[in-house]
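Participant: Return a 3D structure for these sequence lines:
(one chain, ligands or ions: 1)
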Amino acid sequence: MKIAIFGLGYVGTVTGACLAGEGHIVIGVDVNRDKTRAIMKGRSPVIEKGLGEILSTVVKKKRFFAVPSAKDAIMRTDMALVCVGTPALETGTINTRHLESVMKEIGSALKKREGFYTVVVRSTVLPGTTEEIIIPMLEGASGKKTGRDFAVCVNPEFMREGNSLEDFYRPAKTIIGTRTKRERTLLLNLYSFVKSPVVATDIRTAEACKYLDNIFHAMKICFANEIGVVVAHMGVEAGAVMEIFCRDKVSNISTRYLRPGFAFGGSCLPKDIKAILYKAKSKNLDVPLLESILRSNDMHIQRAFRSIMKTGKRKVGMLGLSFKPDTDDLRESQMVRLAELLIGKGVKLRIYDKNVSLARITGSNKSYIEREIPHISSLLSTSLSDVIKKSDVIVIGHDIKEFKRIIGRIRKTKIIIDLTHGYEK
Ligand SMILES: NC(=O)c1ccc[n+]([C@@H]2O[C@H](COP(=O)([O-])OP(=O)(O)OC[C@H]3O[C@@H](n4cnc5c(N)ncnc54)[C@H](O)[C@@H]3O)[C@@H](O)[C@H]2O)c1
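Facilitator: Model prediction:
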């Protein structure tokens, strides 16, 4: 393929050199003339292990070169990979200035270019940037229509500086965000040499993927650092305990607990977090990430409460009361806390939880229910259909088949707030 690269920084130069190494013809464009001159001389404009060798080879073979104008690059290629910087503005949001000026240049070149063209956004952009800024700019500058005259796709870069060649050929994953099968096929072909999984998705999801990774990585570092400091003050070797933690690939380094849903509760998590926070405080240690966990959890309970109140209805049915399905344990249950907030506002609440109803009569939790939450206990019904019939809003707190089955049936007549899918709140 003939590919234009806009922005010859870390991402653009590595991408360009590696794609040229795979046999493509690559034409680079950068507003910084030092960078384009370096490429023409076969020298890397950035320091990156192994890049110099690949670059000098592909430049010698005339498979990678730079041109001064965007128009020239667009006329001679079928696809542009946009790798310009998206630095942070003072407000924290991304500065799209470089992206916008590239899109104007590409758009005005497309005006005169015949045939279909594909623009691929490699820069890190917030979800919505491509559809709300990039596509309108390209359409405005070219007078052409996306989908008909050109395509716009998103293909975020996941390389780590210092390791980027290795990451290019063996990335953890390659994400392509496209709108049509044609675009998807084109990008799948471009990355056919990559051994690791290529994930095809829509444009916004592809944009979001990059942020999730970086935020999660940053959070992991802060978690390890904060935990390291706290346990060290308790005479525990931080590296050793973290190494054991990481050996657990079932609960710790795994997909478990990584589904957007509702707040956590129960007799262990809140209590153990509080104990570690108490210890940190007693040692005068600042652990803002750990301190924020319970606050973050509370936010979800408050958010759910507001969503229910916003419906304007005051007859609410709650399905699930224990802190998770398949137990009658109500200690520190997030559902109990939500129920208390609703009762406090005068909501007429009815609750269905098979396990808790059973425990109320015979179980080990009987005395807890009678002692701690008699006011809530009296709202429990043993009939799911009765709770549904007498409520205008149904709040689903447990992700179980029994509740999922009824959603479809009652969706038309009741307002459903499914807490097990946090994003619906
Ligand atoms: N550096 C990384 O490790 C890395 C990894 C993944 C993703 N990213 C993302 O990729 C993007 C690029 O990052 P980078 O580190 O390569 O940036 P960089 O600053 O090294 O390079 C960007 C290049 O774009 C050029 N440029 C600016 N305006 C231009 C224009 N109108 N036309 C042509 N060129 C123009 C600049 O001169 C510069 O050379 C960013 O969005 C970044 O967040 C970076």
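Participant: doesn't residue 121 make contact with residue 157?
Facilitator: No. Judged on C-beta atoms under 8 Å, residue 157 makes no contact with residue 121 at a distance of 10.1 Å. Any C-beta I mention is one placed from the backbone N, CA and C, and that applies to glycine too.
Participant: how much space is there between residue 415 and residue 189?
Facilitator: Separation of residue 415 from residue 189 (C-beta to C-beta, to the nearest Å): 47 Å.
Participant: Also residue 281?
Facilitator: 57 Å.
Participant: rewinding a little: higher neighbour count, residue 415 and residue 189?
Facilitator: In this view residue 415 and residue 189 are compared by other C-beta atoms under 10 Å, and residue 415 has more residues nearby, 18 against 10.
Participant: Not including adjacent chain positions, what is the nearest residue to residue 137?
Facilitator: Distances taken as C-beta to C-beta, 6 or more residues apart in numbering put residue 103 closest to residue 137, at 4.1 Å, once the chain neighbours are dropped.
Participant: Does anything pack onto the one helix or strand that neighbour maps to? Which helices or strands?
Facilitator: Element membership of residue 103, judged by DSSP states H and E, is helix 97-112. Packing contacts for helix 97-112, counted by 3 or more C-beta pairs under 8 Å, 6 or more residues apart in numbering; DSSP states H and E, involve helix 70-75, strand 79-82, strand 117-121, helix 135-142.
Participant: ok, residues contacting it?
Facilitator: The contact list for helix 97-112, computed with C-beta atoms under 8 Å, 6 or more residues apart in numbering, reads 6-7, 70-71, 73-75, 80, 82, 84-86, 117, 119, 121, 123, 125, 129, 133-134, 137-144, 149-150.
Participant: quick one: stretch 70-83 near the ligand?
Facilitator: Yes. Stretch 70-83 comes into contact with the ligand (C-beta under 6 Å from any ligand atom), by way of residue 83.
Participant: Next up, phi/psi of residue 351, please.
Facilitator: Phi and psi for residue 351, reported as degrees, to the nearest 10, are phi -130, psi 140.
Participant: Report the beta-bridge partner residues of it.
Facilitator: Legend: beta-bridge partners of residue 351 under DSSP bridges are residue 318, residue 380.
Participant: Residue 330 is in contact with that one, correct?
Facilitator: No. Using C-beta under 8 Å, residue 351 makes no contact with residue 330, being 11.0 Å away.
Participant: Near the ligand, which residues of the stretch 101-250 of the chain are found?
Facilitator: Going by C-beta under 6 Å from any ligand atom, the residues of the stretch 101-250 of the chain near the ligand are 101, 102, 123, 124, 157, 159, 161.
Participant: residues contacting the fifth one?
Facilitator: The contact partners of residue 157, taken as C-beta under 8 Å, 6+ apart, are 11, 15, 83, 122, 124, 210.
Participant: Could you list the buried residues of stretch 395-405?
Facilitator: 395, 396, 397, 398, 399, 400, 403 (16 or more other C-beta atoms under 10 Å).
Participant: Outside of stretch 37-48 itself, list whatever touches it.
Facilitator: 8-10, 13-14, 16-17, 28, 30, 32, 34-35, 51-52, 55-56, 59-60, 64-66, 161-162, 164-165.
Participant: Of the residues you listed, which belong to helices?
Facilitator: Members of the contacts of stretch 37-48 lying in helices (criterion: DSSP state H): 10, 13-14, 16-17, 34-35, 51-52, 55-56, 59-60, 164-165.
Participant: quick one: which of the residues you listed is most hemmed in?
Facilitator: Busiest of these [other C-beta under 10 Å] is residue 17, holding 31 neighbours.
Participant: Residue 28 versus that one, what's the distance?
Facilitator: Counting by C-beta to C-beta, the gap from residue 17 to residue 28 is 9 Å.
Participant: Now do the shared contacts for these two.
Facilitator: residue 64.
Participant: Counting neighbours, what do you get for residue 408?
Facilitator: Considering only other C-beta under 10 Å, residue 408 is surrounded by 9 other residues.
Participant: quick one: it from the ligand, how far?
Facilitator: Distance of residue 408 to the ligand, given as C-beta to the nearest ligand atom, to the nearest Å: 42 Å.
Participant: State the helix or strand in which that residue lies.
Facilitator: Assigned by DSSP H and E, residue 408 falls in helix 401-410.
Participant: pretty sure residue 85 is touching residue 10, no?
Facilitator: No. At 9.5 Å, residue 85 does not count as touching residue 10 under the criterion of C-beta under 8 Å.
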